[in-house]
Structure formats: C-alpha cells, structure tokens
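Student: Could you look at this predicted model? Sequence included:
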Amino acid sequence: MSGFYARWIDRWECKLARRDTNRLVRPFEWGLDWLGIAAAQGDELDAVRRWADQALAGSDGFFSYQRPGDYSLEGSHLRFTSALPSPYPENNTVHADFFPCPGSGDRAVLVLPQWNADVQGHAGLCRLLNRFGLSALRMSMAYHDRRMPPGLQRADYHVSSNVGRTIHASRQSVIDARCCLDWLEARGYRRLAILGTSLGSCIAFIAAAHDARVRAAVLNHVSMYFSDVVWTGLSTQHVRRGLEGSITRDDLRSCWRPISPAAHLERVRGRDLRSLLIWARHDTTFLPEFSRQVVDWFATSGTPHKVVCLPCAHYTTGHFPFAQIDGLAMCRYLSREL
C-alpha cells in the first residue's frame with residue numbers, strides 16, 4: 001500500500017509541476033557586478049568564493065541595513081523602499097499586506113510565501129492566523145508579484161543561473177523581512193514570529209538567525225543548502241540546465257553558502273528561538289534527505305524545536321487535505337509559542 005501511495009503522490013506532484021509552461025532556461029552568468037567585485041576571466045569562481053568567505057565572516061554586516069523612513073500604510077497595503085536596492089525600480093518598492101487581529105495584543109507573524117507565489121499567496125493562511133488570535137503581515141519577496149520587473153512572468157531573478165543576482169535577491173529579501181519586523185515593532189508588536197514556505201522558509205530562517213526579536217519561526221519545507229534544492233529539485237530543473245556545464249554542484253554550494261541555512265545554524269544555538277520544522281515525506285523539490293539533515297542538527301544541538309512530517313510532496317502541500325493539515329499545524333504552534 002505504501003508503494004502505491006508514494007506513486008500516486010508522485011504522479012500528482014508531477015502533474016502539478018507541469019502546469020507551469022513558462023519556465024525559461026536562462027544562460028549561466030557569474031553576476032560579479034551584483035556582488036560589487038571584479039575578476040579576470042577564468043578566476044570568477046575563486047573571486048566569488050573569497051567574497052562568500054568574507055560575507056560569512058561578517059554576517060551581521062552582510063545582513064545589516066538602514067531602516068527605511070518612508071513606510072506607508074494605505075488601507076491594509078504597506079509600502080516602503082527596500083534598504084538594499086537593485087537596478088529594477090519595481091523591485092525596489094517592498095509590498096506587504098497587513099492582516100490585523102483586534103485580539104492579538106502584541107503578537108504578530110511575518111509571513112513569507114513560496115517562490116513564484118502570486119499576490120494572493122498565503123493570504124488565506126494570514127486569515128487563519130487571525131482566527132488563532134494573531135496579527136499577520138504578508139511580505140512579497142524580491143521580484144515577486146507587484147515587485148516583478150516588466151517582461152518577466154515568473155520570479156526568475158530571485159532563483160536563477162546568475163550566481164551573483166541570486167545571492168543579491170536573497171540578501172534583499174532577508175533585509176526587507178527585517179524591515180517589516182521594524183514596522184511591526186513600531187506598531188507595538190513585541191512578540192514576533194516569522195513563517196516562511198519553501199524559498200520563504202530559507203529567507204525566514206536567515207532573517208530569524210540575524211534578528212533576536214524573533215521568538216518563534218515556522219519553517220515550512222527545510223533544507224540545509226540553497227544549491228542542493230536548486231540542483232536536485234523538480235521545480236528548478238530549468239535553473240539547473242542553465243548552470244550545468246559552467247559550474248559544478250559543489251562549487252555552487254560554496255558560492256551560495258551566504259544564502260544557505262546551514263551557514264547560519266550556529267547563530268541560533270543557545271538562543272530561545274522556538275522553531276517548527278516541516279518537511280514532506282515524498283518531496284521531490286526539497287528532497288527528504290536534505291530536510292532530515294536540518295531536523296538532525298536541531299535535535300543534536302538541543303535547539304528548541306518541533307517537527308511535523310507531511311504525508312505528501314511539495315506542490316501537493318498546497319492542496320486538500322495537506323494544506324489544511326499544514327496550515328493548522330503552523331497556526332496552532334504559533335498561537336502556543338507566542
């Protein structure tokens with residue numbers, strides 16, 4: 001029966017993945033300009049590795065920022081200027097949707113949806129958080145929905161075969177998330193949590209690791225290394241095709257260490273950060289072996305955490321009944337921990 005069930009989930013997962021017909025294989029680029037460095041032709045890999053070493057050695061500075069001074073809330077729509085600009089004006093305005101709950105007191109959750117989520121992504125989850133007595137702020141990550149530059153149909157600039165641009169986009173999303181925490185704190189919210197799904201989970205963890213204000217983190221799909229997911233995942237096969245032949249998997253891992261949760265795990269050791277780790281048993285995007293590495297680290301390090309294993313895969317997490325199981329688990333955990 002388990003073999004039949006796994007094959008059924010896999011067929012369903014592949015069907016859902018094939019719905020998107022606008023994936024483009026983009027050419028490989030080192031993207032050194034995104035990192036502010038230069039190198040002679042043939043030395044790009046060493047240059048990026050050295051840059052990554054320096055970024056990690058000064059991790060606090062790498063994810064530091066000047067707080068924006070132009071927060072604007074119109075109705076439930078929050079706007080402000082990103083503290084880490086890109087060359088694209090549309091992407092440099094951060095958009096977030098506020099879901100206040102009158103009975104939440106000083107409790108609020110910053111919500112970061114998955115890669116390529118549209119403007120309504122996780123809005124239903126935010127309303128569910130309201131029903132559990134929590135206010136929520138749903139942020140659009142870099143290059144997503146209202147932040148997408150003209151000519152794009154997907155958030156390709158956040159995860160792509162341009163090595164430097166992918167780093168810059170993740171760094172920007174982490175900093176934007178911390179600026180959202182600033183805004184929540186300024187409105188009187190003191191018990192803060194962060195919830196991220198898939199790519200949003202990676203961004204959420206790095207933000208939480210660098211921001212002691214975060215008391216609880218829900219990491220919905222987890223993996224140690226950014227590059228492992230891109231190289232092996234069902235949803236990023238087109239990105240891998242742009243990378244292959246120009247960089248190896250191991251070299252990509254070393255380049256993308258600053259945006260990988262593995263590089264920042266020690267920052268949460270000994271902290272009273274409560275984490276919910278969610279993974280899916282049949283996931284072909286965040287492979288279970290990578291998720292188990294994260295779970296094992298939390299267990300052996302003694303870092304406070306709970307684990308939920310979903311009986312589905314990645315795309316299927318967003319469908320009945322798994323979406324309901326997932327959403328209730330996340331909301332119950334945050335309601336309890338905050």
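Tutor: That came through, no problem. Note that this is a predicted model, so its numbers are computed, not measured.
Student: and the closest residue to residue 267 other than its chain neighbours, what does it touch?
Tutor: The spatially closest residue to residue 267, leaving aside those adjacent along the chain, is residue 209, at 4.2 Å (Cβ to Cβ, 6 or more residues apart in numbering). C-beta coordinates here come from the backbone N, C-alpha and C atoms, glycine included. By Cβ atoms under 8 Å, 6 or more residues apart in numbering, the contact list for residue 209 reads 261, 264, 265, 267, 268.
Student: 6 Å instead, please
Tutor: 264, 267, 268 (Cβ atoms under 6 Å, 6 or more residues apart in numbering).
Student: Same question for residue 301.
Tutor: residue 269.
Student: Can you tell me how far it is from residue 206?
Tutor: From residue 301 across to residue 206, the span is 17 Å (Cβ to Cβ, to the nearest Å).
Student: next one: residue 51
Tutor: Distance from residue 51 to residue 206, by Cβ to Cβ: 17 Å.
Student: Comparing these two, which residue is more hemmed in?
Tutor: Set residue 51 next to residue 206 and count neighbours by other Cβ atoms under 10 Å: residue 206 wins out with 27 against 19.
Student: The more buried one contacts residue 172, correct?
Tutor: No: counting by Cβ atoms under 6 Å, residue 206 does not reach residue 172; the two are 11.8 Å apart.
Student: need the contact list for residue 199.
Tutor: So residue 199 contacts 114, 115 (Cβ under 6 Å, 6+ apart).
Student: That one and residue 230: what is the separation?
Tutor: 10 Å.
Student: before we move on, what about residue 111?
Tutor: Counting by Cβ to Cβ, the gap from residue 111 to residue 230 is 23 Å.
Student: who has more neighbours, these two?
Tutor: Set side by side, residue 111 and residue 230 show more neighbours around residue 111, with 29 against 24, by other Cβ under 10 Å.
Student: Secondary structure class of that one, three-state.
Tutor: strand (DSSP: H, G, I helix; E, B strand; the rest coil).
Student: Next one: it, what pLDDT does it get?
Tutor: Looking at residue 111, its pLDDT is 98.
Student: Ignoring the adjacent residues along the chain, who's closest to it?
Tutor: Once flanking residues are discounted, residue 111 sits nearest to residue 138: 4.4 Å by Cβ to Cβ, 6+ apart.
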